[in-house]
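Trainee: dropping a prediction and its sequence here:
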Amino acid sequence: MADFSLEDLKTLRERLGTGMVETKNALVEAGGDLEKATELLRLRGAKSNAKRSDRSTSEGLIAAKTAGSATTIIELACETDFVAKSDKFVALGEAVAAAVAESGASTVEEGLAASAGSSTVEQLISDEAAILGEKFELRRLTKVEGESFEIYMHRTNKDLPPQVGVVVAYSGDDAETARGIAQHISFAAPSYLSREDVPADDVENERRIVEEISRGEGKPDAALPKIVEGRLGAFFKQVALLDQDYARDNKLSIAKVAADAGITVTGFARFKVGA
């Protein structure tokens, strides 16, 4: 029998989270060498990951971390809600978010290449995927820059990690109002900060549609410009944060709420698992 102790077996299992039999077999094959056994188990895990490459990942979590003058928000995806709510997967999400934020990455490719301890984020994800037996993906990330940040994580199910995450960048001192705006974003899901940020082609397309609808309703030509502009206003309320009615008081716009609190919202990001 290979020269290894029960303590070696326990150490390796705790390090990688592998099963008793496969851990013991790896130690036997490695002649009791812990490092060689670790390498064997990781290689076997990588092969298993490759077999899972075509599986879908519809579950997961959202996490965000601040580093310097930017906050990075990520979506880490997995296959099942059973794994999504596991302590290991949640810890992985926190570790990946921290490593990516610290690196300053602004794309998934840069995020995967970021340093995570003695390896990369990509290797860290691969190793944990092998241990938990599912396909994992760093599906997306966004870096939001600003002076101050409010991070809001929303659980759509108390048994699962956050499924919706929002980062708000702002200037000013009213963190409570900034948090209220972050909560509003989680619910209202705006696409842009202001109406000026909406692509001109999208605005013109919406203008054409509402004009055709108005004509089809028999509205008089003289009244069309005002009617179209009114309906465009409703469009902006759907897509532009500052134009939206505040979820806590629909008599106030987000722009008004921010101005009254003495803060300026300079950017935001909203992620929802699978969306």
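Mentor: It's in.
Trainee: what does residue 218 show for phi and psi?
Mentor: As for residue 218, its main-chain torsions (degrees, to the nearest 10) stand at phi 80, psi 20.
Trainee: and the pLDDT at it?
Mentor: With respect to pLDDT, residue 218 scores 80.
Trainee: that one: neighbour count?
Mentor: When counting by other C-beta atoms under 10 Å, one arrives at 6 neighbours for residue 218. Glycine gets a C-beta too; all of them are placed from N, C-alpha and C.
Trainee: how near is it to residue 224?
Mentor: Per C-beta to C-beta, to the nearest Å, residue 218 is found 11 Å from residue 224.
Trainee: likewise residue 72?
Mentor: Distance of residue 72 to residue 224, computed by C-beta to C-beta: 46 Å.
Trainee: and these two? which has more neighbours close in?
Mentor: Taking other C-beta under 10 Å, residue 72 and residue 224 do not tie; residue 72 has more neighbours (27 against 14).
Trainee: which residue ranges form the strands in this protein?
Mentor: All strands of the chain, identified by DSSP state E, fall at 59-67, 70-78, 115-116, 119-120, 137-145, 148-154, 164-171, 245-246, 249-253, 264-272.
Trainee: nearest to residue 131, out of these?
Mentor: strand 70-78 (12.2 Å; C-beta to C-beta).
Trainee: in stretch 96-112, what counts as buried?
Mentor: 96-101, 103, 105, 108, 111-112 (16 or more other C-beta atoms under 10 Å).
Trainee: could I get those residues as a markdown table with pLDDT and distance to residue 271?
Mentor: Formatted as a markdown table, those follow (pLDDT from 0 to 100; distance: C-beta to C-beta, whole Å):
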| residue | pLDDT | distance to residue 271 |
| --- | --- | --- |
| 96 | 98 | 13 |
| 97 | 98 | 11 |
| 98 | 98 | 16 |
| 99 | 98 | 17 |
| 100 | 98 | 13 |
| 101 | 98 | 14 |
| 103 | 97 | 19 |
| 105 | 97 | 15 |
| 108 | 96 | 13 |
| 111 | 97 | 14 |
| 112 | 96 | 17 |
